[in-house]
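> Kindly return the folded structure for what I paste below:
(chains A and B)
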Protein chains: 2
Amino acid sequence: MTPSPPGASPGEGRSPIVECVPNISEGRRPEVIAAIAGAVARSGRARLIDLSSDPDHNRSVLTIAGPPDGVRAAAEALVAVAVERIDLRRHAGSHPRMGAVDVIPFVPVRGVAMDDCVRLARQVGAAIAARHALPVYLYEAAASAPHRRNLAEIRRGEFEGFAEKIRDPRWTPDFGPDRVHPSAGCTAVGARPFLIAFNVDLRTSDVEIAKAIARVVRESSGGLPCVKALGLFLEDRGRAQVSMNLTDYRTTSIPRAFEAVRDEAARRGVEVATSELVGLVPEEAVLQVAAHALRLESLDPSRILEHRIDEALRGDGRPAADGGDGR
Amino acid sequence: MTPSPPGASPGEGRSPIVECVPNISEGRRPEVIAAIAGAVARSGRARLIDLSSDPDHNRSVLTIAGPPDGVRAAAEALVAVAVERIDLRRHAGSHPRMGAVDVIPFVPVRGVAMDDCVRLARQVGAAIAARHALPVYLYEAAASAPHRRNLAEIRRGEFEGFAEKIRDPRWTPDFGPDRVHPSAGCTAVGARPFLIAFNVDLRTSDVEIAKAIARVVRESSGGLPCVKALGLFLEDRGRAQVSMNLTDYRTTSIPRAFEAVRDEAARRGVEVATSELVGLVPEEAVLQVAAHALRLESLDPSRILEHRIDEALRGDGRPAADGGDGR
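Sure thing, here's the model as predicted:
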């Protein structure tokens, strides 16, 4: 479907970018959160581009982006501070967690393959396990066994249950000792695709229709692979909505999910009103939408005028031209 | 639809880019073409990113891109060499022409408005008129009167007819003397949107259907504004095609043109097979396609993950985050 080689991202030629989204078990003490964010800021070429703390969850989500080596350095710097400052024996919050640094996913964004992120996950996992005597589990694309792919399965039992769980041979850590770190617990390190949050509003207030459509389209009940879906009622709009997470848009694309919802709605006599992309979306996923809509065979990022000109101005350009003024 | 100010292009924050596509009346003598291209290369920060010469037309089209000042310097350098090296009294070719430098359009690409390109056209027009005693006509968005917008209307009569045409008060030049330059003729300098070449293949070999659809959709016979269209038969594919130029995709977008062709084809019992975008396409035009297909209210370039990260890495970033790994 994409003209890129398997696993490669579009945008070769531009600087490679990895995103890393560590979740730490601290959402209340600003001085601790600031110390951890500061460690990322001082680590080198990666940038902290988002920080979101939830006191109720007692958890913070950091979004880091940059070149692979920079992101790796940032992740390791963050773990060092978090392990020192967070004690899970005194941690309470509404979100499940098993470690001071609960989870560290690496996400390929541009010019890097998923395999590169798997390699990063292994390197960072091995490094933090050795440095802090921290048990590390690899998950999703980095998982060492099928039963370890799903983060929720790894985390089941949480910090309090891990002293026992870690003795089960099925749950021997991938790196580090076979015993839980007394204060920092365990950490999951993984590689996964970018997650797209995509909602489709229906021209109906009947939430049962949205729920029925969600059941048909989501993977967990036999629908489209890599699609999670819920039917919701939006009070303010007075409309039912199918709210989806596309966990791998190369497996199920935005237009495929959209058309599945549209067609299921049509079978129930309901039209799609609008849709919305929540947060950010990778360029490749947008190009998939355009190519599908126009029945183009493909739409490569190199066909985008601005990319071609940027390349030319950097000195590695191929021709960029429109039709001229002869016609 | 876009949150940018009217006339502004997306991609504020990245370096501004203008494209300039001069057409010169020389397509046969390689040493002259090389001298003109060399003048562009030595002019400064603009880059020559395409050069296409047609010996039959005896004409070359140069594509130059860069920051506004760089493109302005390149255009002026090019005119100086072309005026010196090209003599229209000894020029023959199948393409209509009125000057050694026949036409110089400026095209906004990123971070510049059409008004900026109109200003560039006026600056370059005034400069080359003064320096070379060359009559200059402003056209399209830079035109000083409605009857001067259309390049073909300005050029009518060609070099050989201009000694007389220039005495008509309707055709007094915008800059320069009221007499044709003896060897270099006259030059049209303008500003216009990027031209998108877009073809839709039909599941029929009947070219009459493609021709009928082209007549319905094109502006010249009362169809969509800023759309030129022809019906063609493609020997190798055995299919009829509606071949379009979209001269302003902000007026008639790609999806609007596509759907017009699709609907007219359906009325004639014919399906669309595939479509193709020829050459390059501005990012904004692709985002229009995606927004239309998904019934999004809009899709701003700032929602593209890679743009947000590039901004953050340059130091002017806003947050970039996906859904995290809590769910």
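> Counting neighbours, what do you get for residue A:213?
By the criterion of other C-beta atoms under 10 Å in any protein chain shown, residue A:213 has 27 neighbours. To be clear about C-beta, it is placed using only N, CA and C from the backbone, and glycine gets the same treatment.
> okay but residue A:137 is in contact with residue A:154, surely?
Yes: using C-beta atoms under 8 Å, residue A:137 is in contact with residue A:154, at 5.0 Å.
> Between these two, which has more neighbouring residues?
Counted by other C-beta under 10 Å, residue A:137 and residue A:154 do not tie: residue A:137 has more neighbours, with 28 against 22.
> tell me which parts of the stretch 51-200 of chain A are close to chain B?
A:52, A:57, A:59, A:61, A:63, A:65-66, A:95, A:103, A:105, A:107, A:109-110, A:151, A:192, A:194-197 (C-beta under 8 Å from any C-beta of the partner chain).
> remind me which residues of the stretch 201-327 of chain A are low pLDDT?
Under the criterion pLDDT under 70, the flagged ranges of the stretch 201-327 of chain A are A:315-327.
> Would you map the strands across it?
Taking DSSP state E, counting those that start in this stretch as the test, the strands found in the stretch 201-327 of chain A are A:227-234, A:239-246, A:272-278.
> So for residue A:137 and residue A:154, which residues contact both of them?
A:148, A:171, A:188 (C-beta atoms under 8 Å, 6 or more residues apart in numbering or on different chains).
> rewinding a little: of the residues of the stretch 51-200 of chain A next to chain B, just the buried ones, ChimeraX syntax please.
For the buried members of those, the matching ChimeraX selection, counting by 16 or more other C-beta atoms under 10 Å in any protein chain shown, is:
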select /A:57,59,61,63,65,66,103,105,107,109,110,151,192,194,195,196,197
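> out of the strands of the stretch 201-327 of chain A, deepest packed?
Per-stretch averages of neighbours, counted by mean count of other C-beta atoms under 10 Å in any protein chain shown, single out strand A:239-246 among those, with a mean of 24.
> And the contacts of that strand?
Contacts to strand A:239-246, defined as C-beta under 8 Å, 6+ apart, come from residues A:195-207, A:209-210, A:213-214, A:217-218, A:226-234, A:252-254, A:257, A:261, A:273, B:323, B:327.
> Turn the shared contacts of residue A:137 and residue A:154 into CSV, columns for pLDDT.
Output for the shared contacts of residue A:137 and residue A:154, formatted as CSV (pLDDT from 0 to 100):
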residue, pLDDT
A:148, 97
A:171, 97
A:188, 98
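> between the residues you listed, which is closest to chain B?
Of all those, chain B sits closest to residue A:188, with 8.4 Å by C-beta to the nearest C-beta.
> can you pull the contacts of residue A:290?
Going by C-beta under 8 Å, 6+ apart, the list of residues near residue A:290 reads A:296, A:299, B:286, B:289, B:290, B:293.
> check contacts around the residue nearest to it when sequence neighbours are not counted.
Distances taken as C-beta to C-beta, 6 or more residues apart in numbering or on different chains put residue B:289 closest to residue A:290, at 4.0 Å, once the chain neighbours are dropped. Residues counted as contacts of residue B:289 (C-beta under 8 Å, 6+ apart) are A:289, A:290, A:293, A:294, B:253, B:254, B:255.
> top of the residues you listed by neighbour count?
Ranked by neighbour count (other C-beta under 10 Å), these have residue A:289 at the top, with 28 neighbours.
> if we can go back for a sec, now rank the shared contacts of residue A:137 and residue A:154 by neighbours and give me the top one.
In terms of neighbours by other C-beta under 10 Å, the shared contacts of residue A:137 and residue A:154 top out with residue A:188 at 28 neighbours.
> who's that one bridged to?
residue A:103, residue A:137 (DSSP bridges).
> neighbours around residue A:205, how many?
Neighbour tally, residue A:205, other C-beta under 10 Å: 13.
> Let me know how buried the closest residue to it other than its chain neighbours is, in neighbour terms.
Distances taken as C-beta to C-beta, 6+ apart put residue A:238 closest to residue A:205, at 5.4 Å, once the chain neighbours are dropped. Using other C-beta under 10 Å, residue A:238 has 9 neighbouring residues.
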